[in-house]
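1. compute the structure for the input listed below.
(one chain, ligands or ions: 3)
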Amino acid sequence: MASSKSKGARKNDSQDTNLETTEEDKSELCPGFKDVDAFVKYGLGAVLSSTKASAALPQAGDEYDFYRSFPGFQDFCESQGDKLLLCMSQIMRHHGCRSHIRDQSKLTGQEERFDLIVDSNDVILERVGILLDEADGVNRSQQPVMPAGFQPPKIVVSSWNRKGSGSGSGSDMFRLLQAKNVARPQLKFKEKVDNSNTPFIPKIFIKPNALKSLPSYFSKKQERKERAEDLDVPAALADLIHQQRTQEPVDDMFAHPYQYELDHLTVPDELLSKPDPQLYKPIEETKCSFVNTVEDLVALNEKLCKLTEFAVDLEHHSYRSFLGITSLMQISTRDEDFIIDTLELRSEMYILNEAFTDPQIVKVFHGADSDMEWLQRDFGVYVVRLFDTHQASRALNLARHSLDHLLTHFCNVSSDKRFQLADWRIRPLPEEMVQYARTDTHYLLYMYDCMRGQLLDLSHGQPGLLQSVWNKSKDISLKRYMKPIYTEESYLELQRRQKRTFNTQQLTAFRLLFAWRDKLARQEDESTGYALPTHMMIKISEELPKEPQGIIACCHPVPPLVRQQVNELHLLVQQARETPLLKAEIAAQKKKGLTPIRKPEVTLFGPHDTSRVSVSDLSFSLEDLPEKQGLLFSDDEIKTDMDMDMDVDADKTGGLVAAAKITLFEELDPRQEPESLPVAQMKARRIIESFENPFRMYLPCTDVHVNKTSKFDPSSKIFEISKRWKLLSIEQQQQELEAKKKSKAAAKEQSKKAAEERKKVKLSYQESLQNVATVRQQAAESAKGGTKKRERAASEAEGSTPKPSKKLMKSAEKSEAPPTETFKPFDYSQSDLKVFAGTKSKDNTQFDPNRQDRDFKKKKHPKGQKSNFGPGGRSMSYLAGKSERGFRHNWPKR
Ligand code: AMP
Ligand code: MN
Ligand code: ZN
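-> Numbers count the residues shown, from 1 in each chain. Ligands and ions are numbered 1, 2, ... in the order given. Reported below is the predicted structural model:
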């Protein structure tokens, strides 16, 4: 709660700064265009007219050759063509692509030029995709822009960053912000970071300025460190175990160590009276000391203990650590500035508690919410007597409450907040960053004076308003650090904030990914955002890629831990895909014309199936197959004999052809439910099922559904097969009845006949195989009409795979893109789109921004794979490395 409040305040601050810059930005987005809309409108207009013009050019092969016989036309074409090539090569160079499109010596002709363009388009579209994703992700998660150079484009374009870039140190700044390969400070920490999923227990073990002494648990901490029995468990866990052993009261363990002192803190009169503002010393004339040794820290503490007030600020790093690391502390007295290397002195910072918890000494912070938590978490440092200038600014009802605004307002100093998000782990600290850090505290004491005066003025000399600021500040210092605790429900809170609707499978994926990244981030001591940014997690959950490659494709840039563990992630996604969908979800997806995401499907299909139906488009599952299907055309005569011996009964003809035939177009016998099978039978069944059964495509599955009309429609192939099999089954039954009565020998003869029959069927099956595709199509076609039946089947196969129709199968080929639109760059509905179609308006291979806008955005290919602008769009499953560049016909024809 408390931390979200502080984040809220911070957000407001940054919005404040954004406001200032958007005013400037608005004037010119780029020369001649006031905003993106204006630019896009102009751009689209230009594209439309050039498309129109190029469509109107004389076609090669007929008019073109005629026109070309005129030298004027020829010259014109050459010069215009040259201009176009120049323009294109410039664009290509701009994007860092090979750009020798005009170089005759390096090109053999159109082919190679075409390849160059395809390559460049890929690069450009890929980049567009990345930028859109990033913009999307940042907007959605409202997460701050991260430093450490992982997402440099964002740093460059951010408004807070652009501001003041004219100062001349711009290039330096980018170098600093992008600093990579910063050594992990964690490695040097004397006490290991405790990322365990246990509540935070205060680090304090000595309590200066105590009115109430520290519970014995804390004072014995040094002993605990030596307790050999607990060395192999995380510190917090060891503490909990120890607490259980010693039966110490738990409340004391988690309480704020200075709760009592803060509860009994009153504001002395001198802090409620009007001060004479004491102007700050010019920063250039102020001594600044860098503190990175224990001796210096002790000396500083001694100095501070003699003062009546000092100002404090912290810089923090949160990207490459699970809990975050306080990386710097700045302290300003009336005469001096101190920069403390808290990475170096992390374990000794508690020394400062003497000054920090002394109620006689005012500690001035600006926006201390986070600082209070960081001090406790990393150093066990607490603050008694806090004055928060952010709270004062609120009480004064100033226009904005950010530090830059206060600095401008009170000191006429324009601070440069560009470094706020720099990587504060960098050592040695660059001069620019030291300067920035200093400004954060240097002016605070003067502002503290001014604000107290104004607070008293505002309430006509009454101390009430000032008192309220002291109280609010005290509340902030009472905040306790809470470690992020993972629970089974944690993901729901994050999911709720995304304002996304997930179906059961997507939500399962989200939950599993959330758990994965939490665990990994704790283990590797990285932020969850580093392990797997939320927007990528959402994308993977929405797309549920069928292959590891698809997971990689959801991530731009691919987080190192995702790359490392892509197979683990893939298993999680698979697990999510196995989750049954709710009936309503299947219906909703059908309505939207999307292919519902299905269970992992059988990888087997008719061995002769040449249709381009991918594995995922086969929607029946093994469970749906009849029990004895593996025995079709069994040549096992002995077995048949045995069957002959048995009491033949319609249900027990399993070993015979008839068994499967009877159930072919009937509803499944509930007795054949896999759950009811003994283990051995289940095993046998699985083995049987692992063999390719050429009849699989004919077997009843709830997906390829045949409605009654088509079943009895003589024109349908299904009818033919059905009839043939039905006849056979009756025949078979008759034979079996006779077999009961007749002698064994006669039965043998019969069985021979049956074998012959089977051979016949086998033959006719082979014939019918040639028509596989048509049968399937017909089945699908008729399924389209049989909605009623399909619905019934859907409810029977509750939660199992939904039924494809031809239409659905087609859309499966397209892509499994989630229904939610994430990005709406421009409203194309206003435009005249017919021009795009050129003369062959029916050719759907042509680019249509309305139809493919999602794909346009998402066009990403693994290396070595080229764009295919066909109507199929992108599927998350990837074809093996082969280039699709050959599909020239996918490009709009002139
Ligand atoms: P400040 O008090 O402004 O110096 O900020 C202290 C630390 O808070 C910085 O070092 C950042 O790590 C973090 N921080 C400040 N502002 C933001 C922000 N808008 N987004 C994310 N982190 C921030
Ligand atoms: Mn701060
Ligand atoms: Zn700061």
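2. ranges for the helices of the stretch 201-350 of the chain?
-> All helices of the stretch 201-350 of the chain, identified by DSSP state H, counting those that start in this stretch, fall at 216-219, 221-226, 235-246, 250-254, 259-263, 294-305.
3. out of these, nearest to residue 382?
-> helix 259-263 (8.7 Å; Cβ to Cβ). Bear in mind the C-beta positions are built from the backbone N, C-alpha and C, glycine included.
4. now that closest one: mean pLDDT?
-> If you average the pLDDT over helix 259-263, you get 98.
5. which of the helices of the stretch 201-350 of the chain has the lowest average pLDDT?
-> Mean pLDDT is lowest for helix 221-226 among the helices of the stretch 201-350 of the chain, at a mean of 64.
6. on that earlier part again, so which of the helices of the stretch 201-350 of the chain gets nearest ligand 1?
-> In terms of Cβ to the nearest ligand atom, the element of the helices of the stretch 201-350 of the chain nearest to ligand 1 is helix 294-305, at 19.5 Å.
7. what helices or strands is the closest one leaning on?
-> In terms of contacts (3 or more Cβ pairs under 8 Å, 6 or more residues apart in numbering; DSSP states H and E), helix 294-305 is packed against strand 287-291, strand 336-340, helix 353-356.
8. and the first one, which strands flank it?
-> This points to strand 287-291. strand 336-340 (parallel) (DSSP bridges).
9. so is the strand it pairs with next to ligand 1?
-> No. Strand 336-340 stays clear of ligand 1 (Cβ under 6 Å from any ligand atom), getting no nearer than 12.6 Å.
10. is ligand 3 contacted by that strand?
-> No. Strand 336-340 lies out of reach of ligand 3 by Cβ under 5 Å from the ion, never closer than 11.1 Å.
11. got the angle for that strand vs helix 294-305?
-> 140 degrees (axes from the mean of the first three to the mean of the last three Cα atoms, to 10 degrees).
12. alpha carbons of strand 336-340, as CSV, please.
-> Extracted in CSV, the C-alpha atoms of strand 336-340 (Å, rounded to 0.1, in the frame of the first residue of the first chain):
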residue,chain,number,x,y,z
GLU,A,336,29.3,20.6,3.1
ASP,A,337,28.1,17.9,0.7
PHE,A,338,28.9,14.2,1.2
ILE,A,339,28.5,11.4,-1.3
ILE,A,340,28.6,8.0,0.4
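13. contacting residues around it?
-> Residues outside strand 336-340 that contact it (Cβ atoms under 8 Å, 6 or more residues apart in numbering): 283, 286-292, 297, 300, 328-332, 349, 429, 434, 437-438, 441-442.
14. next up, the contacts around residue 398.
-> 405-406, 409.
15. reformat those as TSV; add neighbour count, secondary structure and pLDDT.
-> Formatted as TSV, these follow (neighbours: other Cβ atoms under 10 Å; DSSP: H, G, I helix; E, B strand; the rest coil; pLDDT from 0 to 100):
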residue	neighbour count	secondary structure	pLDDT
405	18	helix	96
406	25	helix	97
409	16	helix	96
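16. same list (the helices of the stretch 201-350 of the chain) but as CSV, adding mean neighbour count and distance to ligand 1.
-> Below are those laid out as CSV (neighbours: other Cβ atoms under 10 Å; distance: least, Cβ to the nearest ligand atom, whole Å):
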stretch, mean neighbour count, distance to ligand 1
helix 216-219, 16, 28
helix 221-226, 12, 28
helix 235-246, 16, 24
helix 250-254, 13, 25
helix 259-263, 16, 22
helix 294-305, 16, 20
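17. identify the residues contacting residue 548.
-> Counting by Cβ under 8 Å, 6+ apart, residue 548 touches 566-567, 569-570.
18. could you rerun that using 6 Å?
-> Taking Cβ atoms under 6 Å, 6 or more residues apart in numbering, we find residue 548 in contact with 566-567, 570.
19. is it possible to export the helices and strands packed on helix 294-305 to TSV including mean neighbour count?
-> Formatted as TSV, the helices and strands packed on helix 294-305 follow (neighbours: other Cβ atoms under 10 Å):
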stretch	mean neighbour count
strand 287-291	15
strand 336-340	22
helix 353-356	23
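20. any chance of TSV for the ones you listed, columns distance to residue 543 and mean pLDDT?
-> Output for those, formatted as TSV (distance: least, Cβ to Cβ, whole Å; pLDDT from 0 to 100):
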stretch	distance to residue 543	mean pLDDT
strand 287-291	50	98
strand 336-340	47	98
helix 353-356	50	98
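21. could these be laid out in TSV, adding distance to residue 40?
-> Compiled in TSV, the helices and strands packed on helix 294-305 are given as follows (distance: least, Cβ to Cβ, whole Å):
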stretch	distance to residue 40
strand 287-291	49
strand 336-340	47
helix 353-356	54
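22. so which of those is nearest residue 210?
-> Each of the helices and strands packed on helix 294-305 has some distance to residue 210 by Cβ to Cβ; the shortest is helix 353-356, at 10.2 Å.
23. show me what the closest one is packed up against.
-> helix 294-305 (3 or more Cβ pairs under 6 Å, 6 or more residues apart in numbering; DSSP states H and E).
24. now what about the helix it packs on, what contacts it?
-> Counting by Cβ under 6 Å, 6+ apart, 291, 310, 338, 345, 348, 351-352, 354-355 sit against helix 294-305.
25. and the two most separated of these?
-> Farthest pair in these, by Cβ to Cβ: 310 and 348, 18.5 Å.
26. higher neighbour count, the two?
-> Taking neighbours as other Cβ atoms under 10 Å, residue 310 and residue 348 compare with residue 310 leading, 23 against 17.
27. what's the pLDDT at that one?
-> 98.
28. which one of the contacts of residue 548 is nearest ligand 1?
-> Distances from ligand 1 to the contacts of residue 548, taken by Cβ to the nearest ligand atom, are shortest for residue 566, at 29.2 Å.
29. which non-adjacent residue is nearest that closest one?
-> residue 548 (4.6 Å; Cβ to Cβ, 6 or more residues apart in numbering).
30. name the SS class of residue 72, please.
-> Following DSSP: H, G, I helix; E, B strand; the rest coil, residue 72 is assigned to helix.
31. run a quick neighbour tally on it.
-> Counted with other Cβ under 10 Å, residue 72 comes out at 8.
32. show me what stretch 245-254 is in contact with.
-> For stretch 245-254, the surrounding residues in contact (Cβ under 6 Å, 6+ apart) are 201, 215, 217, 243.
33. let me know the closest of the residues you listed to ligand 3.
-> Distance to ligand 3, by Cβ to the ion, is smallest for residue 201 among these, at 27.6 Å.
34. thinking that closest one is in contact with residue 236, fair?
-> Yes. At 5.4 Å, residue 201 and residue 236 qualify as touching, with contact defined as Cβ atoms under 6 Å.
35. where do the helices sit along the stretch 451-600 of the chain?
-> Secondary structure of the stretch 451-600 of the chain (DSSP H, counting those that start in this stretch): helices at 464-477, 490-498, 504-524, 528-531, 534-543, 548-553, 560-564, 566-577, 583-591.
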